[in-house]
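S.K.: Structure for the following, please:
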Amino acid sequence: MSQLKYALYTGCTARESTPELLSSTLAVAKKLGIELVLLDEASCCGASHLQDFDEFLAYVLNARNICYAEKHGLTMVTICNTCQINTAMTKHKLDHDAELRARVNEKLAEVGLEYKGTSEVKHFLYALVDDYGLEAISDKVTTPLSKYNIAPFYGCHNIRPSELQNESNGGENPYVPTSLDRLIEALEGNSVDYESKNKCCGFHVDLQAPETSNRLTGTALVDAIDNNADMVVTPCPLCHLNMDVKQHHAAKTMGRDVELPILHMPQMVGLALGCTEAELGLKHHVTKVAL
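M.R.: I've put the predicted structure just below:
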């Protein structure tokens, strides 16, 4: 296999709030021989909140980020579901709307950039599953995860809407996704099937309706616990952060104990590939990860 090389768009959360998620991504890439070029010039994607305030500014912001991947001539990979949807949505819109693309490029010209549409945008999950390949990953496993029941939590933004999913992320069914399940199995873990695996974690509604957010978080966690999960794995730092730090709120809302380790997808892969706990940053979790 020729070496895979990508432009890594980290987003905000994996650099600032949960830097262990970036370090684990880099550790996994090193183990697999994947070269990641960090887009240090890139900025926030707008987090699905700027989009509500100023849609055009959000397009300019995300197009600017994509331009940096284009300058390297590389596919952009994301490690956040919300970054994925906002970046992929911008690419889809600009590639299909010449008038908007011209307006965006007029603004980008002020900083010496031009969006050309030459770089793909995909989540690191699908770079592993579709580009590197599950069989090749399985061959690299040094610490099988066979003793763990692992609940995959897909979240909202990586598998919806389907027109974006079909363009950039393997085209799996957004109602019955399988990529995380198959990755767990390639690492010799036991994938837990449960109803909440492709539901919302509650992150984006937390400020407006915290009790609703707690209910969404708690429902997903309780569902995983009741199906004998030892941990949850998610490809999204926002889902990870929300489900890791809010378990005491979720417990209060659900009226029962809620305690379950939440791993970001590269942390799980790193465990199976023999990365150290320090590389994976497991001590930084709010809910203790006991392995």
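
S.K.: All the strands of the chain, residue numbers only.
M.R.: Along the chain, counting by DSSP state E, strands occupy 5-9, 35-38, 76-78, 121-123, 149-152, 190-191, 231-234, 262-264.

S.K.: A88: which of those strands is closest?
M.R.: Taking CB to CB, strand 121-123 is the member of the strands of the chain nearest to A88, at 4.8 Å. Where C-beta positions appear, they are placed from N, C-alpha and C, glycine not excepted.

S.K.: for the chain, which spans come out with low pLDDT?
M.R.: 1, 165-170 (pLDDT under 70).

S.K.: Walk me through the domains of it.
M.R.: Structural domains annotated on the chain: 5-122, 134-284, as defined by automatic domain parsing.

S.K.: for the last one, how far is the first residue from the last?
M.R.: The reference is to domain 134-284. Using CA to CA, to the nearest Å, the end-to-end distance of domain 134-284 comes to 29 Å.

S.K.: Kindly report the same for the shortest one.
M.R.: Its first and final residues considered, domain 5-122 spans 13 Å by CA to CA.

S.K.: residues contacting K107?
M.R.: V60 (CB atoms under 8 Å, 6 or more residues apart in numbering).

S.K.: measure it to I66 for me?
M.R.: 14 Å (CB to CB, to the nearest Å).

S.K.: again with V245
M.R.: Taken as CB to CB, the span from V245 to I66 is 31 Å.

S.K.: Between the two, which is the more surrounded one?
M.R.: I66 (27 against 16; other CB atoms under 10 Å).

S.K.: rewinding a little: mind putting the domains of the chain in JSON lines, distance to L128 included?
M.R.: Formatted as JSON lines, the domains of the chain follow (distance: least, CB to CB, whole Å):
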{"stretch": "domain 5-122", "distance to L128": "8"}
{"stretch": "domain 134-284", "distance to L128": "6"}
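
S.K.: Tell me how many other residues surround A29.
M.R.: With other CB under 10 Å as criterion, A29 counts 24.

S.K.: Does it touch V37 like I think?
M.R.: No. Between A29 and V37 there is no contact under CB atoms under 8 Å: 10.6 Å.

S.K.: quick one on the thing from earlier: with distance to A136 and mean neighbour count as new columns, can the strands of the chain be given to me in CSV?
M.R.: What follows is the strands of the chain, written out as CSV (distance: least, CB to CB, whole Å; neighbours: other CB atoms under 10 Å):
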stretch, distance to A136, mean neighbour count
strand 5-9, 16, 22
strand 35-38, 16, 15
strand 76-78, 17, 29
strand 121-123, 17, 26
strand 149-152, 20, 24
strand 190-191, 19, 18
strand 231-234, 20, 28
strand 262-264, 21, 27
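
S.K.: closest one to F56 among those?
M.R.: strand 121-123 (19.4 Å).

S.K.: Partner strands of that closest one and their direction?
M.R.: Its sheet considered, strand 121-123 pairs with strand 76-78 (parallel) by DSSP bridges.

S.K.: where's the strand it pairs with relative to the chain centroid, distance-wise?
M.R.: Distance, stretch centre to chain centre, for strand 76-78: 10 Å (CA atoms, centre = their mean, to the nearest Å).

S.K.: now stretch 224-244
M.R.: Using CA atoms, centre = their mean, the offset of stretch 224-244 from its chain centre is 13 Å.

S.K.: and what of stretch 215-229?
M.R.: 20 Å.
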